[in-house]
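> here's my sequence, what's the structure:
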Amino acid sequence: MRIKKIELKNFKFHHELSVEIDRQNCLIYGENGTGKSSIYWALYSLFKCYFRNYQFDFSKFQNNNSEDNLGVNIFFDKVETPLSIPRESYALPIEIGIENHTSIYFANQDLLNEITNGDDNFYNTILNFLKKYFITLEKFDRVYMDINETLDGTNVHEKNSEKDSIDTEYKKYIEDKLTPLVNEVLFDRLNEKNYEVKLTFVSSVLDTENFIFPNPKIILTIDNQSNLKLHFNEAKLKLTSIAIFFSLMKLEEDEDNILKLLVLDDFLTSLDMANRKLIIQYILEDFKDYQKIILTHNIQFYNLIVKLIVDIQNEEESWDIKKLFLSSLSNENSSNIKTDNISFLDDAKERLENGDLQSSGNFLRKEFERLVHDFEILLELGKVEDMSHILDALKNPNIYYSNPHETIGQLINSFEKILELPINETSKLSKIVTKIERLKECKVDLNRAITLEDGTVEQQSLSVSLKKTNFYNSILLNPLSHDDIEIEAYRKECINIIELLTQLNNGLKHLKGKRF
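Below is the predicted model of the structure:
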């Protein structure tokens, strides 16, 4: 069973967003500010309501720019009725049993940071963060609470025996199951052979003054050192957190569950690309039967995952790769989401055939924004602060572009002309310049005609297409997209911009087709 569609209405950033997931797994790239994490929190809150009876204050997720109520709908491939929030009752459909909660997990950088950033007693980290994710940890804590709630002057010996029994069971879980598995993940899967993690369980004794059994202690050490933040760098702590989190998942795992879900939102900060690669490989290989939804704002990380999916794991057919990008079709903030390599051109053509120039122009504007966004990803430049800066770079007659991968190393190289521009224009330019300095080896003029894989030659170069597109962006796309009734739009101009955007798509596909 898998999620096939996510609908958000007035939820955090989004007024309305629909995410179709056509394959088993989904990778979503979106810059900060596009509402990427809103998707994460919508899924998180919905599943917590249905599987853990966790009551949310939904008002904190309300879109501040809308008076309409928020809503989230999740559709599955094998269930007719969607799961929705908010609702009066969060009863699961008969097709989904409550036991599936042991294979539904969420992680972001904040959670992983907390696993190793706590005090010397790791039990407090369990209470404050981990027990709401892992039912085994929650059950242990519930037993301790029950013992203290029923403790009185007549049953101290009996309750002490109960506590000793649960202490023994908890100690085995922490020291004999969790600790070896954490080190196995670090050693065998993450290639960390230079340090060892240890979790030590320490029982408590009756506090006679307050007449209560204090919580036990669990001491987390790395190479026998506690006070982790003082002795270890952030990268090592993040690797340890990841090993602990995924080891707990493995201990909870039930092979018979029909719903297995792993949602990860920008969870690998403070790690270099080598470590990120090992972690993604581990997730792809050891959690194959989970539906994985990965969200990221990091272009390099996005490109790394695509490379692993396509070239190393050969899992391209099981992944739906999408991009979330801001739309400028109205004064309100909104985002579009599109499957990689799927454009808005068909929508524009259909509206044009029906005589609806206004809608056709809107779709052409969306397609133009999508293409600029894709060029940004290909260049690995980071956030687009102003679309015009990308356009100014791309339409320069002496433009060069380079991809570091040898398979297309002969294609386009550096943006040398930008070196002559004022560097203080934007931080974007400094990023481009940095890339130029790394990639000056080979140069192929972007003004050359584009030869596609089937041998077809695009006589109009990509640079010329970009120039013409920028012209139509000024005189046609902007007016049509912003309801300016004073500007006359002609069918011929729509046709011309469709042709230009088609040429840009062909050029982009050629650059992307062999980028790895």
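
> hmm, what's the outermost residue in this protein?
residue 154 (54.4 Å; CA atoms, centre = their mean).

> pLDDT score for that one?
Per-residue confidence for residue 154 comes out at a pLDDT of 90.

> same deal with residue 48?
pLDDT, residue 48: 87.

> the helix or strand encompassing it packs against which elements?
Assigned by DSSP states H and E, residue 48 falls within helix 36-52. Applying 3 or more CB pairs under 8 Å, 6 or more residues apart in numbering; DSSP states H and E, one finds that helix 36-52 contacts strand 3-11, strand 14-20, strand 25-30, strand 71-76, strand 79-85, strand 104-108, strand 261-265, strand 291-296. For the C-beta atoms, the positions are set from N, CA and C on the backbone; glycine is no exception.

> try 6 Å this time
Other elements packing on helix 36-52 under the criterion 3 or more CB pairs under 6 Å, 6 or more residues apart in numbering; DSSP states H and E are strand 3-11, strand 71-76, strand 79-85, strand 261-265.

> now do the same end-to-end measure for stretch 122-130.
10 Å (CA to CA, to the nearest Å).

> so which bits of it are buried?
With burial defined by 16 or more other CB atoms under 10 Å, the residues of stretch 122-130 counted as buried are 122, 123, 125, 126, 127, 129, 130.

> so of those, which ones are in helices?
Within these, residues falling in helices by DSSP state H are 122, 123, 125.

> doesn't the residue farthest from the centre of the chain lie inside a strand?
No. According to DSSP: H, G, I helix; E, B strand; the rest coil, residue 154 belongs to no strand; its state is coil.

> mind listing what it touches?
Taking CB atoms under 6 Å, 6 or more residues apart in numbering, we find residue 154 in contact with no residue.

> separation between it and residue 146?
From residue 154 across to residue 146, the span is 17 Å (CB to CB, to the nearest Å).

> without its sequence neighbours, what residue ends up closest to residue 207?
residue 214 (5.6 Å; CB to CB, 6 or more residues apart in numbering).

> so the one you found touches residue 204, yeah?
Yes. Here residue 214 reaches residue 204: they are 4.3 Å apart, a contact under CB atoms under 6 Å.

> who touches stretch 314-327?
21-30, 34, 36, 309-310, 334-340, 373.

> just stretch 277-292 next, same as before
By CB under 6 Å, 6+ apart, stretch 277-292 touches 2, 24, 25, 189, 190, 191, 260, 261, 262, 305, 308, 313.

> show me what counts as buried in it.
So stretch 277-292, judged by 16+ other CB under 10 Å, has buried residues 277, 278, 279, 280, 282, 283, 284, 287, 290, 291, 292.

> same thing with stretch 175-188?
Buried residues in stretch 175-188 (16+ other CB under 10 Å): 177, 178, 179, 181, 182, 183, 185, 186.

> and what of stretch 347-361?
Here stretch 347-361 shows 347, 348, 349, 351, 352, 357, 359, 360, 361 as buried, counting by 16+ other CB under 10 Å.

> list just the nearest of those residues to residue 196.
Lowest distance from residue 196 to these (CB to CB) belongs to residue 347, with 56.4 Å.

> so which strand or helix has the nearest residue to that closest one once chain neighbours are set aside?
Among residues not flanking residue 347 along the chain, residue 363 sits closest, at 4.4 Å (CB to CB, 6+ apart). In this structure, residue 363 sits in helix 357-379 according to DSSP H and E.

> avg pLDDT for that helix?
72.

> likewise stretch 22-42?
89.

> kindly report the domain assignment for the protein.
1-96+260-340, 104-257, 343-513 (automatic domain parsing).

> rank these by mean pLDDT and give me the bottom one.
Across these, domain 343-513 gives the lowest mean pLDDT, at a mean of 53.

> got a list of contacts for stretch 158-174?
Taking CB under 6 Å, 6+ apart as the rule, stretch 158-174 contacts 140, 143, 147, 151, 199, 201, 203, 213, 218.

> now that stretch, how far from the centre of its chain.
40 Å (CA atoms, centre = their mean, to the nearest Å).

> count of neighbours near residue 45?
Using other CB atoms under 10 Å, residue 45 has 21 neighbouring residues.

> can you redo the contacts of stretch 158-174 as JSON lines with secondary structure?
As requested, these are exported to JSON lines (three-state DSSP):
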{"residue": "140", "secondary structure": "helix"}
{"residue": "143", "secondary structure": "helix"}
{"residue": "147", "secondary structure": "helix"}
{"residue": "151", "secondary structure": "coil"}
{"residue": "199", "secondary structure": "strand"}
{"residue": "201", "secondary structure": "strand"}
{"residue": "203", "secondary structure": "coil"}
{"residue": "213", "secondary structure": "coil"}
{"residue": "218", "secondary structure": "strand"}
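
> between those, which is nearest residue 78?
Nearest to residue 78 among the contacts of stretch 158-174, with distances taken as CB to CB, is residue 140, at 33.4 Å.

> quick one: the closest one from residue 178, how far?
From residue 140 over to residue 178 (counting by CB to CB), the distance is 12 Å.

> for the residue nearest to the spatial centre of the chain, what are its contacts?
Per CA atoms, centre = their mean, the C-alpha nearest to the average position across the chain is that of residue 295, at 0.8 Å. Residue 295 makes contact with 28, 36, 40, 265, according to CB under 6 Å, 6+ apart.

> go on, residue 201?
171, 174, 175, 218.
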